[in-house]
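*Asks:* Got a sequence here, can you model it:
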Amino acid sequence: MEAVIAVVALLFLLFVALGAYVTVKVVGAAKRGVDRTLSQARRTVEDTTLRARTFAQPGPVGELAQLRLKLRTSMRATQDALHAGVAEDESLKESLALFDRLSAHGHELDGELRRLETEPDRTKLAQRLPGLRERTEQIIHSADSLRWAARDRARRFADDDLASLSAQIDMEAGALRHWTTERTNPASTWPEAPAPEDTTSGGQAWPETPESGTAEEQTRSAITPPGRRPTYPWQKKPRPESTT
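*Replies:* The predicted structure follows:
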């Protein structure tokens, strides 16, 4: 009885632990989903604000907003491309590591540009713009290079796979149409040999030719003795020999 109670208590604890684990996982997934949604919403609001500043505030402030918008757009596109490609191509892990290092510089530059948006000294801000513009273009160029290289690699693999698949399909289609070749080009067969003729010697009988028949008749006529010659009226009768 005590063993049964211990087993039931153990099963109850296992179910409780499993329920707690599932609850934590569900809550964590929901929290990550909410955080992702909030991040996307916040990012959309920031991008919309930067676009509005680009058109509404000309001058150094508008140029800072434009630099931030270009930087964020390029970095986000590269991040999405690399994360999507690394699931299928393990060699992109090194590229992803390089992008993480580049992202550190990108976040630092974005934070600096954001702080300069509230700078009251427009003259100092205008003096720093060329250096900020150069750094932004350098980071954007590196991010674009990684993104396009990853896309070109994926497209090359896709083209090679498509070419191989097309060749295999052509071979299979040719094999499926093999019946047409058998109908149009039947296999050639040798004609049956004629039945051998029954000869007395039992050997092979060669067909007779006109030359051989003529030679045989001449030989037969030469061996057979001639018959009695016919007599004609104009021929004289032979005189009988006289006897004494």
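
*Asks:* contacts and neighbour counts: CA atoms only from here.
*Replies:* OK.

*Asks:* Can you classify Thr118 by secondary structure?
*Replies:* Per DSSP: H, G, I helix; E, B strand; the rest coil, the secondary structure class of Thr118 is coil.

*Asks:* Over to Pro58?
*Replies:* Reduced to three states with three-state DSSP, the structure at Pro58 is coil.

*Asks:* What is the burial count for it?
*Replies:* Residues contacting Pro58 under the criterion other CA atoms under 10 Å number 12.

*Asks:* Could you do the one 5 residues further on as well?
*Replies:* Per other CA under 10 Å, the neighbour tally for Glu63 reads 21.

*Asks:* could you say what helices and strands whichever helix or strand it is part of packs with?
*Replies:* Assigned by DSSP states H and E, Glu63 belongs to helix 60-86. Using 3 or more CA pairs under 8 Å, 6 or more residues apart in numbering; DSSP states H and E, the elements in contact with helix 60-86 are helix 2-56, helix 92-116, helix 122-176.

*Asks:* which of the residues in that helix are buried?
*Replies:* Across helix 60-86, burial judged by 16 or more other CA atoms under 10 Å covers 60-69, 71-72, 74-75, 78-79, 81-82, 85-86.

*Asks:* now the helices and strands packed on helix 60-86 as a markdown table including mean pLDDT?
*Replies:* Shown next, in a markdown table, are the helices and strands packed on helix 60-86 (pLDDT from 0 to 100):
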| stretch | mean pLDDT |
| --- | --- |
| helix 2-56 | 73 |
| helix 92-116 | 91 |
| helix 122-176 | 88 |
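
*Asks:* Leu67 is in contact with Arg133, isn't it?
*Replies:* Yes - under the criterion of CA atoms under 8 Å, Leu67 makes contact with Arg133 at 7.1 Å.

*Asks:* which of the helices and strands packed on helix 60-86 sits most buried?
*Replies:* helix 92-116 (a mean of 15; mean count of other CA atoms under 10 Å).
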